[in-house]
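Trainee: Quick one: sequence and predicted model below, then my questions.
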Amino acid sequence: MADQGELPEGTLENILEQESLKWVFVGGKGGVGKTTCSSILSILLATVRSSVLIISTDPAHNLSDAFQQRFTKTPTLVNGFSNLYAMEVDPTVEHDEMTEGMDSLFSELAGAIPGIDEAMSFAEMLKLVQTMDYSVIVFDTAPTGHTLRLLQFPSVLEKGLAKIMSLKSKFGGLFNQMTRMFGMGDDFGDDAIVGRLEGMKEVIEQVNKQFKDPDMTTFVCVCIPEFLSLYETERLVQELTKFEIDTHNIIINQVLFDDEDVESKLLKARMKMQQKYLDQFYMLYDDFHITKLPLLPEEVTGVDALKAFSRHFKTPYQPLCSSDKVERLEHRVSALKDQLKEAEEELKRVKA
Ligand SMILES: Nc1ncnc2c1ncn2[C@@H]1O[C@H](COP(=O)(O)OP(=O)(O)OP(=O)(O)O)[C@@H](O)[C@H]1O
Ligand SMILES: [Mg+2]
């Protein structure tokens with residue numbers, strides 16, 4: 001795109017406006033800004049929704065770094081908010097606690113299906129979250145490969161459970177005889193297991209349906225304007241399409257803008273390279289909302305920094321040198337007005 005000034009620049013306003021959304025996944029390659037972007041999205045959603053939960057499913061949890069507050073596996077109110085909660089779950093460690101209550105035959109069966117234990121704890125977590133009645137749930141996911149597996153969980157479980165059920169119906173009689181022979185109580189009987197499976201199946205089917213419903217679920221891809229990230233994003237979009245999960249937003253983070261008259265040869269070269277990939281993003285994803293975020297000189301940590309950065313989610317970034325002084329001031333005034341409005345709304349909410 002030779003002249004980006006002519007393009008209708010994208011923002012993430014569409015996510016804030018889509019009132020039916022229940023699940024928002026934020027994902028992409030390692031270190032591109034997933035945690036930063038999901039945290040900001042949850043902060044913005046908290047201004048328009050009654051209650052928001054942000055969940056980190058990355059074992060390397062960094063919501064605590066972003067918000068500078070400790071979080072655990074139970075939803076905790078984020079400091080300074082009345083309707084924004086955060087929790088960090090680890091899909092791999094909950095397993096033991098969870099299967100403790102199950103009989104060994106069932107865990108044996110479960111163990112025979114790859115990925116089912118992780119899928120089960122993800123399902124248990126979703127079940128818990130479902131009952132809590134949040135208006136919208138944002139996922140800060142782990143780097144791409146892991147996330148794609150996570151999204152397959154409901155399908156893995158549905159298939160796995162069907163397999164276990166069919167095994168049980170085939171060998172049910174034999175199994176009953178055995179449990180009686182070894183004098184096991186009712187807890188280990190047929191009905192207890194079937195009941196548990198049926199209960200789980202319902203949640204899985206419901207979640208699976210919701211994840212595939214573009215009114216309820218969407219996936220926001222975060223990337224940076226570099227070759228590997230472009231490549232990874234394309235892979236991600238294709239996989240999401242395969243799983244029938246909606247995606248129509250791409251955030252391109254860490255963009256270098258020609259703000260000041262840049263003298264550095266290195267920076268100029270990087271900008272040129274970024275422009276090449278930006279052009280490709282716009283070409284490949286012309287039906288997506290593409291939001292560009294500037295690379296800042298400092299990290300984006302703490303609620304204040306996240307809030308300040310959040311304005312780029314709602315108004316396209318304007319490089320200062322591209323506009324004249326009047327325009328620049330107008331832009332600044334409107335940004336400050338936005339911030340003032342937000343602060344006033346929040347004050348009203350906190351008072352209420
Ligand atoms: N536009 C930006 N300008 C400057 N720093 C940024 C920007 N976006 C993110 N950062 C910083 O870069 C670091 C990595 O960002 P973040 O943690 O959001 O990435 P991530 O994709 O979640 O990483 P990981 O894959 O490790 O979970 C953080 O320290 C964050 O504050
Ligand atoms: Mg992260």
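Mentor: Right, received. Where do you want to start? Residues are numbered from 1 along each chain as shown. Ligands and ions are numbered 1, 2, ... in the order given.
Trainee: Where in this protein is the helix or strand with the lowest mean pLDDT?
Mentor: Ranked by mean pLDDT, DSSP states H and E, the weakest helix or strand in the chain is helix 94-100, scoring a mean of 46.
Trainee: Which pLDDT value goes with the residue lying closest to residue 246 once chain neighbours are set aside?
Mentor: Closest residue to residue 246 apart from its sequence neighbours, by CB to CB, 6 or more residues apart in numbering: residue 214 at 3.6 Å. C-betas here are computed from N, CA, C, even on glycine. On pLDDT, residue 214 comes in at 97.
Trainee: Tell me the secondary structure at residue 214.
Mentor: With DSSP: H, G, I helix; E, B strand; the rest coil as the basis, residue 214 sits in coil.
Trainee: isn't it right up against residue 247?
Mentor: No - at 9.1 Å, residue 214 does not count as touching residue 247 under the criterion of CB atoms under 8 Å.
Trainee: Neighbour count: the two, which is higher?
Mentor: The residue with more neighbours, out of residue 214 and residue 247, is residue 247; 21 against 14, by other CB atoms under 10 Å.
Trainee: Who are the contact partners of the more buried one?
Mentor: 218-221, 236-237, 240-241, 288 (CB atoms under 8 Å, 6 or more residues apart in numbering).
Trainee: anything in stretch 300-311 near ligand 2?
Mentor: No - if you take CB under 5 Å from the ion as the test, stretch 300-311 misses ligand 2, and the best it gets is 11.9 Å.
Trainee: and this protein, which residues reach ligand 1?
Mentor: 30-36, 58, 62, 143, 253-254, 293, 295-296, 299-301 (CB under 6 Å from any ligand atom).
Trainee: Filter those down to just the buried residues.
Mentor: Among the residues of the chain next to ligand 1, the ones that count as buried by 16 or more other CB atoms under 10 Å are 32-36, 58, 62, 143, 253-254, 293, 300-301.
Trainee: Just those: which are in helices?
Mentor: 34-36 (DSSP state H).
Trainee: Contacts made by stretch 287-295 with the rest, please.
Mentor: By CB under 8 Å, 6+ apart, the list of residues contacting stretch 287-295 from outside reads 9-12, 14, 33, 37, 247-257, 259, 278, 281-282, 309, 312-313, 316-317.
Trainee: again but with stretch 14-26, I slipped
Mentor: Residues outside stretch 14-26 that contact it (CB under 8 Å, 6+ apart): 34, 37-38, 41, 44-45, 47-48, 136-141, 147, 151, 210-211, 215-220, 222, 245, 248-249, 289, 314.
Trainee: Intersect those with the contacts of ligand 2.
Mentor: residue 34.
Trainee: Among the contacts of stretch 14-26, which ones are in helices?
Mentor: 34, 37-38, 41, 44-45, 47-48, 147, 151, 210-211, 314.
Trainee: Assumed residue 272 was part of a helix.
Mentor: Yes - counting by three-state DSSP, residue 272 falls inside a helix.
Trainee: those helices in this protein, which residues are they?
Mentor: Under DSSP H, the chain gives helices at 13-17, 34-48, 63-67, 94-100, 104-111, 116-132, 144-181, 190-211, 227-242, 265-284, 303-309, 311-314, 325-351.
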